[in-house]
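**Student:** All I have is the shape, not the residue letters:
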């Protein structure tokens with residue numbers, strides 16, 4: 001069922017409108033997530049615009065040296081500066097994250113993208129903040 005939902009979500013993203021440019025690269029932090037006021041997580045990410053309005057990417061995260069490195073794959077569909085967001089833990093659909101946000105682009109292609117994300121595995125909703133470069 002989760003694979004069906006993921007396939008359906010990605011299919012919907014590819015069928016609706018155009019705004020971000022095909023061929024654009026996104027390099028940034030992925031997410032700076034506030035777990036607790038004393039614990040922060042920064043995850044490097046890279047993304048590529050595979051078609052207008054649709055970006056796919058990968059995020060690498062490692063909380064500390066005692067935890068294995070994790071790779072998450074994500075897709076964003078852009079509409080008028082806003083985006084819908086889907087992320088998976090690795091290749092499977094366990095722990096899928098679904099969200100929405102807005103990308104703000106500043107001088108020299110620097111961007112910041114606050115978003116609200118629902119984690120289906122943990123059943124929590126979080127605020128996330130990413131930033132980086134778009135070229």
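**Tutor:** Perfect, thanks for sending it. Fair warning: this is a prediction, and the values are worked out from it, not measured in the lab.
**Student:** what sits opposite the residue positioned nearest the centre of the chain in the beta ladder?
**Tutor:** The centroid of the chain falls nearest to residue 74 when counting by CA atoms, centre = their mean (5.1 Å). Listed by DSSP bridges, the beta-bridge partners for residue 74 are residue 57, residue 87.
**Student:** Which pLDDT value belongs to it?
**Tutor:** pLDDT for residue 74: 91.
**Student:** Tell me who's in contact with it.
**Tutor:** Contact partners of residue 74, counting by CB atoms under 8 Å, 6 or more residues apart in numbering, are 45, 47, 56, 57, 58, 59, 85, 86, 87, 88, 97. C-beta: built from backbone N, CA, C; applies to glycine.
**Student:** Serialize the residues you listed to CSV and add fields for pLDDT and distance to residue 78.
**Tutor:** Listed next are the contacts of residue 74 as CSV, based on pLDDT from 0 to 100; distance: CB to CB, whole Å:
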residue, pLDDT, distance to residue 78
45, 88, 16
47, 92, 11
56, 94, 12
57, 92, 13
58, 91, 18
59, 85, 18
85, 92, 10
86, 94, 13
87, 90, 16
88, 89, 19
97, 91, 17
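**Student:** In ChimeraX, how would I select just the buried ones from these?
**Tutor:** Filtering the contacts of residue 74 down to the buried ones (16 or more other CB atoms under 10 Å) takes a single ChimeraX command:
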select :45,47,56,57,59,85,86,87,88,97
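**Student:** May I ask you to confirm that residue 78 is in contact with residue 47?
**Tutor:** No - here residue 78 does not reach residue 47: they are 11.4 Å apart, not a contact under CB atoms under 8 Å.
**Student:** any common contacting residues for the two?
**Tutor:** Common neighbours of residue 78 and residue 47 (CB under 8 Å, 6+ apart) are residue 55.
**Student:** residues in contact with the helix or strand hosting residue 83?
**Tutor:** For residue 83, the host element (DSSP states H and E) is strand 82-89. With contacts defined as CB under 8 Å, 6+ apart, strand 82-89 is touched by 6, 9-10, 13, 59, 70, 72-77, 94-103, 113, 115, 117, 121.
**Student:** can you do 6 Å?
**Tutor:** 9, 72-77, 95-102, 115 (CB atoms under 6 Å, 6 or more residues apart in numbering).
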